[in-house]
Each structure stands twice: as C-alpha cells, then as structure tokens.
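> Here is a sequence with its predicted model. Questions after.
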Amino acid sequence: MKYGLEFLHENAIIKFLNDHGYLITLLHKMKLLRLPLTFYMNFLYSIYIKRQIKSDHDIILNHHELLDTVVLTALLRAMIHRPSITVLQSPPYYADRKRWACLSSMMRMYLPSSRYRLFLKNSIFRIIIGGLLKTNSKLLAVSPSVFLEMGHPIDNRHVVLNPSIPYNKVAYSSHEKTNQAIFFGRLVPEKGIIDLIHVWNLCKDRLANYRLVVYGTFYNERINGICMRLIDRLDLKATIELRGFSHQTELFPQIASSKCFIYPSHHDAFPLAILESLMLGTPVIAYDAPGNLVYENVPAVFRVKEGDYSKMAECVYSVCNLPQSNLNDLIAQSKQMFKAHESATNIALAELKEITAALKR
C-alpha cells in the first residue's frame, strides 16, 4: 500500500508508518497558506500539489479541522479519486448555539471580533466544513467531546482515538506534597484563568497557609491587564504567583509537589493537562465541561458544575486537607486511565486500523 497525503501531521503516525515500510508523501503548508484563503487560492494550490504527486497514492489523510486543510482534502479527493480520512483535534464548529455563545463571549475579551462575526463564522463553518467532512470515508477525533460538540454520534464512521503523552513522568512523581495548588496552561478566558482567580479568592481565608502557582503565558496584554486588575481588587497578590512559561524540568516537579491542580477550563477536546497531573500523582478539580467527560469515572478527578465557583472552592479545600495516604489511594485507583495513553504507538496503531479499513471499502 502506498500511503498518501498529510497536511498537518503527527510525528507518531509518521514515524510508525515509516518504520513499517509505507511510502508517504508529506505536503506541508506553504507560507502563503498561513493567510486567510479563498476557494480560488485553494484550487490553484491543489493543482500545484497534483503536479508533485503520483496518481497511485491510495488515501488522503488530513490531520486538522482548519478550513484550508478541509477544503484542500476535498479538492484532492476529487482530483485523484481516492478516499480520505480527517483527524479532528478540536470541534471545527459547535452545534449548540448557547454553548458557542458562551465560548465566543470569552474569546471577545481578547480577539478583535464582534459577537455577530463569531456567530456568523460558526454558522458558515457548520455549513461548509460540515458538508465537506461528510464526504470523508471516516472521521477520527482525539476525544468523544469533539463529536459531542459538533452534534455527531459516535458510530462506525465517527471513531475516537486515545491521544498519548510520549514523555516519561515517573522521575518527577515522587516529590513530597507542599502547601500549594497549581494551574498550568494557556492564560485565556476559555481556559479558565478568570474563573481561577475567583475560585482562589473563595479559598484564600480557609487555606491561609497555601499559595497558588500559575504557569503559562497571557495571550496578550489586554488579558494580562484584566487579570492583574482583578488580582489587585481581590487582594490576592500575596497568595498567587504568576511564573510564566516554564520547561517541563521545572514544571513537572511543581505539579508533583502540589496538593491539587485547579483546572476551571471551559474548552478542551482531550485535556492532556489533567492526564499529566494524574501521572504526576496530583488530583484534579475541574469543571464538568464536555472535554472532561473522559475523566468522569476517574476517582482522582473531581468534576463540578461549570461556572460554580463556590463548589469548586469547596472541593479545593477538601482535597488540600486530605491526608497523604488518601491522596495516594486516589491516584492508585486512577492508574487504569494511564494505560491507554502511555504509548504513542497505540494511537498510531488505532489510526492505521482505520486507514486499512477505509481502503477495503
């Protein structure tokens, strides 16, 4: 089998297929394609691509849900008459208008887009991307929440993959717990940075000898300013440390030594940050957002109603006051979750299975 085209690829599947003797043609995006594309530009680029590839490729593999890659996949499928598979990293659109309205209101805090522009974008993407994705042989996603947000069922055509964490955390997981809670991630509203400040404000009196350490960078100065003013107004400067971006050699020991990871994120496909925290022996308090459904039966992940600051603060207080032996038990009971995500080969094999199935149709 000659294994065809991939736009935005994952190293795991590429390495695996190379090691097992598959012929791969990788098509990387040109600098031009980083700009907003028109259909005409995509059409011209697809002709350029066709001149570089042979017609004996068997399948097209697109590893992203961006409009340009979805359109290019459709054009190439029509030009070389081969099946295609698209792997979705996040929902390209949202079926629930109220859900999208909530997320877009957070994005408008730092993006120069109006409410109507974001609403129109979601509606157009639902029509265009939704229509083009229907022509794929199969749709794969890194989490069931991707299909849930899009309003699709999980069936033979909509397949969920298990993402992996390729680096070893065992060396970091034996740190002694200290009186601190942690947050790490992108510092944008939809990832919960503003919620985090409000939750910690409700914790500060009951956890007077604790601090909250925050790792990550602000998307822009506007979000930075909003958060700094909120921290000042709530008088939290003494108990919140903003440490910026850090390499894993600094970050992982801090996660491992924290009593809990507070993660009030509203938007995730598959939140690997939660899995990282669990692998480092630290329980997690998160919202019951769709992306966190994969953790609903994991004992060391405490899910509370989205937007309920009081309930989350209560949960943080309870976890921080658990004896070390109880924390260890929670993590031990959650270890089954790790096995499906500990090897990059697993996701490559699952993807290869779907590719082979699509070729047999």
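Structure received.
> since we're on Pro283, how many residues are nearby?
Neighbours of Pro283 under the rule other C-beta atoms under 10 Å: 25. All C-beta spots, glycine's among them, are computed from the backbone N, C-alpha and C.
> Touching, it and Val319? I think so.
Yes - shown here, Pro283 and Val319 form a contact pair, counting by C-beta atoms under 8 Å, at 5.5 Å.
> what do the two both touch?
Shared contacts of Pro283 and Val319 (C-beta atoms under 8 Å, 6 or more residues apart in numbering): Cys260, Phe302, Leu327.
> Note down every partner strand of the helix or strand where the second one lies and its orientation.
When elements are defined using DSSP states H and E, Phe302 is found to belong to strand 301-304. Within its sheet, strand 301-304 is paired with strand 284-287 (parallel), according to DSSP bridges.
> and for the strand it pairs with, what are the contacting residues?
Residues contacting strand 284-287 (C-beta under 8 Å, 6+ apart): 192, 260-266, 271, 274, 277-278, 292, 295, 300-307, 312, 315-316, 319.
> Quick check: PyMOL command selecting the buried ones in these.
The following PyMOL line selects those of the contacts of strand 284-287 that are buried, judged by 16 or more other C-beta atoms under 10 Å:
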select buried, resi 192+260+261+262+263+264+265+266+271+274+277+278+292+295+300+301+302+303+304+306+312+315+316+319
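> So which elements touch the longest helix seen in the chain?
Longest helix in the chain by number of residues (criterion: DSSP state H): helix 115-133. Helix 115-133 makes packing contacts with helix 67-80, helix 97-107 when contacts are defined by 3 or more C-beta pairs under 8 Å, 6 or more residues apart in numbering; DSSP states H and E.
> you'd agree Asp58 is up against Arg82?
Yes - when contacts are counted by C-beta under 8 Å, Asp58 is listed as touching Arg82 (6.2 Å).
> May I ask which helix or strand of the protein has the lowest mean pLDDT?
strand 2-6 (a mean of 34; mean pLDDT, DSSP states H and E).
> List every C-alpha atom in the strand holding Phe302, with coordinates, as PDB.
The C-alpha trace of strand 301-304 is given here as PDB (Å, rounded to 0.1, in the frame of the first residue of the first chain):
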ATOM      1  CA  VAL A 301     -10.600  13.900  39.100                       C
ATOM      2  CA  PHE A 302     -13.300  15.900  40.900                       C
ATOM      3  CA  ARG A 303     -15.800  17.500  38.400                       C
ATOM      4  CA  VAL A 304     -18.100  20.300  39.500                       C
END
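> tell me how far that strand is from the chain's mean position?
18 Å (C-alpha atoms, centre = their mean, to the nearest Å).
> outside of it, which residues touch it?
Under C-beta under 8 Å, 6+ apart, the answer for strand 301-304 is 274, 278, 283-288, 292, 295-296, 311-312, 315, 319, 334.
> Are there helices or strands packed against the helix or strand where Glu250 lies, and which ones?
Assigned by DSSP H and E, Glu250 belongs to helix 248-256. In this structure, helix 248-256 packs against strand 180-184, strand 211-215, helix 272-279, with contacts taken as 3+ C-beta pairs under 8 Å, 6+ apart.
> quick check: mean pLDDT across it?
Mean pLDDT, computed over helix 248-256, is 91.
> and it, how far from the chain's centre?
Centre to centre, stretch against its chain (C-alpha atoms, centre = their mean), the figure for helix 248-256 is 20 Å.
> Also stretch 350-361?
Relative to the chain's own centre, stretch 350-361 is displaced by 24 Å; criterion: C-alpha atoms, centre = their mean.
> buried sites along it?
For stretch 350-361, the neighbour count (16+ other C-beta under 10 Å) marks Ala350, Glu351, Leu352, Glu354, Ile355, Ala358 as buried.
> thought the fifth one was touching Arg82?
No - between Ile355 and Arg82 no contact is recorded; they are 11.7 Å apart, counting by C-beta under 8 Å.
> which residues are common contacts for these two?
Contact with both Ile355 and Arg82 is made by residues Ile59, according to C-beta under 8 Å, 6+ apart.
> What is the end-to-end distance of stretch 292-311?
Using C-alpha to C-alpha, to the nearest Å, the end-to-end distance of stretch 292-311 comes to 17 Å.
> Gln180: what's it in contact with?
Residues near Gln180 by C-beta under 8 Å, 6+ apart: Tyr210, Arg211, Leu212, Val213, Gln254, Ser257, Ser258, Lys259.
> Quick check: buried residues in stretch 247-260?
Those would be Leu251, Phe252, Pro253, Gln254, Ile255, Ala256, Ser257, Ser258, Lys259, Cys260, for stretch 247-260 by 16+ other C-beta under 10 Å.
> measure the third one to Glu176 for me?
Spelled out, that is Pro253. Distance, Pro253 to Glu176, by C-beta to C-beta, to the nearest Å: 10 Å.
> Report the contact partners of the closest residue to Ile129 other than its chain neighbours.
Spatial nearest neighbour of Ile129, chain neighbours left out: Pro92 (4.6 Å); criterion: C-beta to C-beta, 6 or more residues apart in numbering. By C-beta under 8 Å, 6+ apart, Pro92 lies in contact with Glu65, Leu66, Leu67, Val70, Phe125, Ile129, Gly130, Leu133, Met150.
> quick one, what contacts the fourth one?
Right, Val70. Val70 neighbours (C-beta under 8 Å, 6+ apart): Asn62, Thr86, Pro92, Ile129, Leu132, Leu133.
> Just give me the least confident of those residues.
Asn62 (85).
> my guess is Leu161 contacts Leu139, does it?
No - using C-beta under 8 Å, Leu161 is not in contact with Leu139, being 10.9 Å away.
> can you list the domains in the protein?
Recorded structural domains for the chain (assignment: automatic domain parsing) are 2-164+343-360, 170-339.
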